[in-house]
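> sequence and predicted structure below; questions after.
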Amino acid sequence: MKQILKGILALGLISFLAGCGDSLIKAENKDNSPFFNPAIEKIKSKYPNCEIYDYASIKNLSHVDSKIRNSLVQFVKQQIQEKPSFADYCNYFLLKNNENKYKLINIICYKEKNNSVICDPTEAKDSKYLN
């Protein structure tokens, strides 16, 4: 009987701890951009051991001070609106590696004259505030 109770308590504790993590928003193509999939593929090739989340997930990183979280999200929104003139697509993604370390990635994509899509992901300097 004691072993059953210990097992139930252990299972409950594991479930509780697993549910206490940050709730991150999976990246999705909200605006149906033709550049989204090439951008994601380029990120996956450059950062193969990372999960890709929407930048809005920053708001849910409980280990980061709320003022920093809110400032980062506002900064990212502004940067997306003010994308470079040569860019056809500009976005930010939050990456999480298997060691629970985070990176904020900026990706810019553009279409060349031969219709090939070029995407360039770079780590945002503000990533340092996420860990």
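Yep, it's here.

> ok so Lys128 is a helix residue?
Yes - counting by DSSP: H, G, I helix; E, B strand; the rest coil, Lys128 is located in a helix.

> any idea how far it is from Gln81?
Going from Lys128 to Gln81 by Cβ to Cβ, to the nearest Å gives 23 Å. Backbone N, C-alpha and C define where each C-beta goes, glycine included.

> which regions of this structure sit below the pLDDT cut-off?
Within the chain, the ranges that satisfy pLDDT under 70 run 1-21.

> that one: helices as residue ranges?
Assignment of helices within the chain using DSSP state H yields the ranges 2-19, 36-46, 66-81.

> tell me the helices and strands packed up against the last one.
Read that as helix 66-81. strand 89-97, strand 102-111 (3 or more Cβ pairs under 8 Å, 6 or more residues apart in numbering; DSSP states H and E).

> okay, the angle between that helix and strand 89-97?
For helix 66-81 against strand 89-97, the angle by axes from the mean of the first three to the mean of the last three Cα atoms, to 10 degrees is 140 degrees.

> next, the angle from helix 66-81 to strand 102-111.
On the basis of the same axes, to 10 degrees, helix 66-81 is oriented at 10 degrees to strand 102-111.

> show me what contacts the spatially most central residue of the chain?
With distances taken as Cα atoms, centre = their mean, the residue of the chain nearest its centroid is Leu94 (1.9 Å). Leu94 makes contacts with 24, 52-55, 57-58, 102-105, 130, as judged by Cβ atoms under 8 Å, 6 or more residues apart in numbering.

> please redo it, this time with the cut-off set to 6 Å
53, 55, 57-58 (Cβ atoms under 6 Å, 6 or more residues apart in numbering).

> and what of Ser85?
For Ser85, no contacting residues are found, by Cβ under 6 Å, 6+ apart.

> renumber starting at 5 from here on
All set: I'll call the first residue 5, so the last point we hit is now Ser89.

> how close does it sit to Asn95?
For Ser89 relative to Asn95 (Cβ to Cβ), the value is 16 Å.

> can you put the contacts of Leu98 in CSV and add distance to Ala43?
Output for the contacts of Leu98, formatted as CSV (distance: Cβ to Cβ, whole Å):
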residue, distance to Ala43
Tyr57, 14
Tyr59, 13
Ser61, 17
Ile62, 18
